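Engineer: quick check, what structure comes out for this input:
(one chain, ligands or ions: 1)
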Amino acid sequence: MSLMRVEEYLLKPKLQQSISKLLRTCFSQYPPHRTYLSQLPDFRLLWFSDEGTLLGHLAAEHRIMNANGAPVRVFGVADLCVLPESRKEGIATGLLHAVESLGRENRVEFVVLAAADQSWFARRGYQPVNGNFKWLMIHENQSLGIASRRLSQTIMIKPLGDTPWTEGPVDFLGHIF
Ligand SMILES: CC(C)(COP(=O)(O)OP(=O)(O)OC[C@H]1O[C@@H](n2cnc3c(N)ncnc32)[C@H](O)[C@@H]1OP(=O)(O)O)[C@@H](O)C(=O)NCCC(=O)NCCS
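Structural biologist: Numbers count the residues shown, from 1 in each chain. Below is the predicted model of the structure:
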């Protein structure tokens, strides 16, 4: 098994195809032949078997968000997924730990994500953030406008350092990861 970090602009077409295939396997609604839903990430963490098969994937974006009026440095995580036959071996947890370590080493204050299964992330130290959110809505490569509304049971964060998350309105300053 090996873990690889790849900057998005360095992705070769063959690896892009493997990622797209994995995303379609894990998320049946994922657009075919695509490796992003709203926007390209900054980098990806990829987990390979000893034979070189892509087993796990996490996309990360480095961004400033606005939490209750203050800028916070975050890694936004998207498309965390593992090949069905390789689940329950700790791969997704390992990918999350890797992005959290990278953040801690580089003054990133929080990991932020939209969680389909909140309890899974809560067991890994993530906290739900409920309240008023603002974000850029993107669909099929088009900006649809700024959404401003209350969200609950969706967004979760994990502090990477001593700074606690301040409750209050949240502006994603972009799309939701
Ligand atoms: C959610 C998902 C990413 C989890 O991937 P995974 O690699 O199976 O996750 P992990 O192995 O790290 O953890 C899963 C469980 O297996 C258990 N596990 C981990 N290693 C284990 C091992 N060696 N033996 C037995 N159980 C193990 C973990 O304890 C964990 O259980 P818990 O949630 O009760 O703590 C995967 O199911 C998936 O791709 N789902 C579809 C896409 C999706 O929903 N993504 C999340 C988007 S928010």
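Engineer: from here on, just use CA atoms for contacts and neighbour counts.
Structural biologist: OK.
Engineer: and Leu46, which of the three is it?
Structural biologist: strand (DSSP: H, G, I helix; E, B strand; the rest coil).
Engineer: count the neighbours of it for me.
Structural biologist: 23 (other C-alpha atoms under 10 Å).
Engineer: what bridges to the residue nearest the centre of the chain?
Structural biologist: Taking C-alpha atoms, centre = their mean, the centroid of the chain lies closest to Val77, which sits 1.4 Å from it. Note on Val77: beta-bridge partners by DSSP bridges are Ala60, Leu113.
Engineer: what about it, distance to the ligand?
Structural biologist: Per C-alpha to the nearest ligand atom, to the nearest Å, Val77 is found 9 Å from the ligand.
Engineer: pLDDT at that residue, what is it?
Structural biologist: pLDDT, Val77: 98.
Engineer: wait, what's in contact with it?
Structural biologist: Counting by C-alpha atoms under 8 Å, 6 or more residues apart in numbering, Val77 touches Leu58, Ala59, Ala60, Glu61, Val111, Val112, Leu113, Ala114, Phe177.
Engineer: now with 6 Å?
Structural biologist: Shown in contact with Val77 (C-alpha atoms under 6 Å, 6 or more residues apart in numbering): Ala59, Ala60, Leu113.
Engineer: centre of this protein to the edge, which residue is at the far end?
Structural biologist: Glu51 (26.1 Å).
Engineer: ok, back up a step: which of the contacts of Val77 lies closest to the ligand?
Structural biologist: Comparing the contacts of Val77 against the ligand with C-alpha to the nearest ligand atom places Leu113 closest, at 7.5 Å.
Engineer: tally of neighbours for that closest one?
Structural biologist: Count around Leu113 with other C-alpha under 10 Å applied: 24.
Engineer: would you list the phi and psi of the spatially closest residue to Tyr126 that is not a sequence neighbour?
Structural biologist: Nearest in space to Tyr126, with sequence neighbours left out and distances taken as C-alpha to C-alpha, 6 or more residues apart in numbering, is Lys158 at 4.7 Å. With angles defined as degrees, to the nearest 10, Lys158 sits at phi -140, psi 120.
Engineer: what sits against Lys158?
Structural biologist: Lys158 touches Phe110, Val111, Tyr126, counting by C-alpha under 6 Å, 6+ apart.
Engineer: columns distance to the ligand on top of those residues, output as a markdown table?
Structural biologist: Formatted as a markdown table, the contacts of Lys158 follow (distance: C-alpha to the nearest ligand atom, whole Å):
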| residue | distance to the ligand |
| --- | --- |
| Phe110 | 17 |
| Val111 | 13 |
| Tyr126 | 12 |
